[in-house]
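Visitor: Next one to model:
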Amino acid sequence: MRGVLDALRWIVRDLRVASASPGLPLGLSAAQMFVLHVLHSEPGLSLGELADRTVTDQSSVSVVVRKLHEKKLVVKRLTTEDRRRMEVSLSASGRRLAERTPAPVQEVLIARLTSLLPEDLRRLRQLLERIAPPEATAPPMFFDDQPQPAGIDHLHD
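Guide: Here you go, the predicted model:
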């Protein structure tokens, strides 16, 4: 049991350090920096593709993109091939920002999880869902600064 809790402590510590990093410029959240880094490596993604790359829900990544667009760090445009498809890319200032900041911790966590065998990843998900059962709504991205639901009582059942 202690080894499991120690591993969780290290993960939570890494996430907490990333979310409180004084290096986050312009009052950006770590979620916003993560999206900037993804768009820096793959410009012109749709919201669905961006959700896939950030391993999150499209509605969650949409909130982050909206905030980045308001700060003029990303641009959104309809593609010429399909006027229904919206692409998101970095603005010049968003590109400069992504180039001068370190890789987000989410990238490291995703890389480590990706290195697991599919059956191990499936089993890990099953076990984690027994500890923290999924809810009806999609969770926000890590560090999206959205208010948390009223308590985490489901962990104390």
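Visitor: This protein: strands as residue ranges?
Guide: Ranges of strands in the chain, per DSSP state E, are 74-78, 86-90.
Visitor: Residue nearest the middle of this structure, spatially speaking?
Guide: The centre of the chain sits closest to Met141, judged by CA atoms, centre = their mean, with a distance of 4.4 Å.
Visitor: That residue - nearest residue in space that isn't next to it in sequence?
Guide: Leaving aside its chain neighbours, Met141 sits nearest to Ala31 (4.1 Å; criterion: CB to CB, 6 or more residues apart in numbering). Just so you know, the C-beta spots here come from the backbone N, C-alpha and C atoms, and that holds for glycine as well.
Visitor: And for Leu36?
Guide: Counting by CB to CB, 6+ apart, the residue nearest Leu36 is Ala98, at 4.4 Å.
Visitor: Could you report the distance from the one you found to Val65?
Guide: Applying CB to CB, to the nearest Å, the value for Ala98 to Val65 is 14 Å.
Visitor: hmm, back to that, could you single out the most deeply buried of the strands of the chain?
Guide: Greatest average neighbour count among the strands of the chain goes to strand 86-90 (a mean of 19), per mean count of other CB atoms under 10 Å.
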